[in-house]
Each structure stands twice: as C-alpha cells, then as structure tokens.
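*Asks:* Structure for the following, please:
(one chain, ligands or ions: 2)
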Amino acid sequence: GAEWTYSGPTGQDYWSNKYPYCAGSFQSPIHITSDLLRFSPTLRPIEVRNYKLSSTEQLTLRNDGHSLKLSLPPTMYVAGLPNQFTAAQLHFHWGSSNWPTGSEHLVDSKQFAAELHIVHYNSDKYPDINTAIDKSDGLAVLGVLIKIGDFNPAYEQILRFINGAKYKNFEVRVPGFNVRGLLPARLDEYYRYDGSLTTPPCFPSVLWTVFRNHVTISHQQYLALVTSLHASSVQNAEVTPLNNNFRKPQPIDSRVVLVSFKE
Ligand SMILES: NS(=O)(=O)c1c(F)c(F)c(S(=O)(=O)CCO)c(N[C@H]2CCc3ccccc32)c1F
Ligand SMILES: [Zn+2]
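*Replies:* Ligands and ions are numbered 1, 2, ... in the order given. Predicted structure coming up:
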C-alpha cells in the first residue's frame with residue numbers, strides 16, 4: 001500500500017492519517033514496567049513445534065523496505081496457547097551503528113539493541129494470515145529481546161545471507177536451520193498482553209508473548225544488521241539506510257501485563 005516510514009513526513013506520528021487503527025487502543029509495543037505486572041499461574045511454558053528445519057528446506061529472506069523478514073513453513077507452529085498458531089514469518093527491529101538500541105518493547109526503562117518477532121496466525125479459526133490479520137484473536141507474535149554480547153551461531157544462519165537482501169524488494173534463499181536456536185533457553189518465563197501489529201495497519205489482533213530472558217548477538221553481527229540494508233530500491237539514487245525501524249512505546253491504557261514467573 002501507500003508507503004510509510006519510521007521518521008519524517010510519513011513517520012510513525014502520521015501513520016494514523018492513512019491507518020486509523022494506529023491511533024486506536026491496544027497498541028504495541030509498550031514499555032513493560034513492574035507496576036503493570038500480574039502473575040498468572042495459568043500461563044504455561046510456550047511449546048514450539050517443528051522449529052528444527054532441515055537444511056533441504058529453502059526459506060526466503062526479504063528486505064521489504066521496512067524490515068528484514070524470513071518466510072517460515074506452515075509446518076512450524078506454537079502449541080499451548082488458546083488455539084494452535086501456525087508460523088508465517090519472522091523479522092527484526094533494530095537501531096543504528098551510533099544508536100545501538102532498537103528494540104520495540106522496553107522493560108523497566110531498558111531498551112535493548114534489537115528485537116526478533118516470530119509472527120503466527122490462529123490456524124484453528126482462520127485459513128491463512130491475511131484472513132487472520134485483522135481479527136482480535138488472529139495473531140500471536142513471539143518477541144525476543146536481543147543484547148550485544150557473545151556471538152550467536154543461530155542468528156548467523158540468517159545474517160550470513162544479509163547482503164543478498166541489500167536493497168528494498170531484494171530477496172535471497174536461505175537453507176532451513178533450527179529456528180528454536182533464535183529463542184532464549186527458557187520458554188516458561190515471559191510477559192503476556194493483548195496488543196497490535198507494530199506497523200501499519202496496526203490492527204489490534206496480536207496476542208503478545210515477550211520472553212523475559214534476552215539472547216545475545218556479537219557487536220559484529222549487530223553491525224551487519226544495522227549497516228547492510230537500504231530502505232530504498234536499487235534504482236533509487238538517494239541512499240537511505242534501513243535502520244531505527246522500531247515504533248515508540250504506546251499508551252498502556254487500562255491493560256495489565258501478565259507474567260508467567262513469580263520473582
Ligand atoms: N511487529 S509486527 O510483528 O507487528 C510486524 C512487523 F513489524 C512487520 F514489519 C511486518 S512485515 O510484514 O514484515 C512489514 C509490514 O507489514 C509484519 N507482518 C505481518 C503483518 C502483515 C502480514 C502479512 C503476512 C505475514 C506477516 C504479516 C508484522 F506483523
Ligand atoms: Zn515486529
């Protein structure tokens with residue numbers, strides 16, 4: 001649709017001019033602060049199924065001008081949620097080389113270097129993600145906070161191909177790998193709240209799960225993520241780096257954030 005950006009005249013403060021939900025309620029991301037938290041004993045560990053992909057599986061890594069996104073096969077799903085949620089794609093949000101904080105969710109005033117989102121749709125109720133995308137029980141996104149630290153071999157399975165997606169609409173084939181390796185070790189500790197897509201059209205259709213524990217990527221891996229991509233197509237004369245692609249925290253309104261852990 002009509003292009004939107006993260007800054008400038010079509011930036012996030014103007015999204016609602018074309019996408020009214022962006023000014024609505026239940027928006028994401030949010031600033032997760034301790035005063036909002038409520039322990040919920042019914043929150044079971046997240047169970048990911050078929051996340052270990054064979055290297056013969058071919059995935060598409062694409063720069064859509066807003067993010068770097070990887071297609072995922074519909075054999076991957078999440079169990080243990082109110083319905084079965086089938087994987088559609090994963091993508092990233094990040095900062096820039098001189099502003100190494102680009103996560104969307106903040107936890108107790110801490111903004112992380114980047115954030116991974118794995119987008120799933122409610123396959124019990126809807127035939128595909130494009131049908132599910134604007135339904136209140138349509139989507140479930142797993143969020144992983146990323147810190148700069150030790151090298152991460154799982155993230156390298158994606159980053160080693162990033163130069164094939166340098167310009168908007170460029171895509172490159174990526175062999176399957178163990179997507180579980182992108183997640184933290186503990187899937188039983190997470191924040192849970194009702195929210196939205198963090199990009200236009202901002203539909204309030206997402207059951208958010210943000211894991212309590214972060215993962216790390218190395219400084220070199222982070223630099224690859226924040227310096228390799230252009231938001232513009234190869235024909236475009238002006239050079240526009242694709243970075244700082246994170247939405248600011250949105251009003252929490254009367255929402256609470258459920259947590260699956262005690263202390
Ligand atoms: N942060 S987030 O999880 O809310 C989120 C994004 F931040 C984001 F960038 C995308 S996108 O498709 O890569 C680009 C804009 O749609 C999607 N894509 C979703 C929404 C539209 C769509 C259609 C098919 C598959 C995935 C998605 C998204 F759910
Ligand atoms: Zn996202």
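*Asks:* For the stretch 1-150 of the chain, what lies in contact range of ligand 1?
*Replies:* Asp64, His66, Ser67, Lys69, Ala88, Gln89, His91, His117, Val119, Ile129, Ile133, Val141 (C-beta under 6 Å from any ligand atom). Glycine gets a C-beta too; all of them are placed from N, C-alpha and C.
*Asks:* before we move on, which element is the fifth one in?
*Replies:* Per DSSP states H and E, Ala88 falls inside strand 85-94.
*Asks:* and the next helix or strand after that strand, which strands flank it?
*Replies:* Once the chain leaves strand 85-94, the next helix or strand it forms, by DSSP H and E, is strand 106-107. Partners of strand 106-107 in the sheet, by DSSP bridges, are strand 31-32 (parallel), strand 110-111 (antiparallel).
*Asks:* Give me the distance from the first one to the chain's centre.
*Replies:* Centroid separation for strand 31-32 versus its chain: 16 Å, with C-alpha atoms, centre = their mean, to the nearest Å.
*Asks:* count of neighbours near Ser205?
*Replies:* If you count neighbours by other C-beta atoms under 10 Å, Ser205 ends up with 24.
*Asks:* On the three-state scheme, the residue sitting furthest away from the middle of the chain is what?
*Replies:* Distance from the C-alpha centroid of the chain peaks at Ala237, with 29.5 Å (C-alpha atoms, centre = their mean). On the three-state scheme (DSSP: H, G, I helix; E, B strand; the rest coil), Ala237 is labelled coil.
*Asks:* mind listing what Lys147 touches?
*Replies:* Lys147 is in contact with Phe112, Ala113, His214, Val215, Thr216, Ile217, counting by C-beta atoms under 8 Å, 6 or more residues apart in numbering.
*Asks:* ok, 6 Å please
*Replies:* Neighbour list for Lys147: Phe112, Ala113, His214, Thr216 [criterion: C-beta atoms under 6 Å, 6 or more residues apart in numbering].
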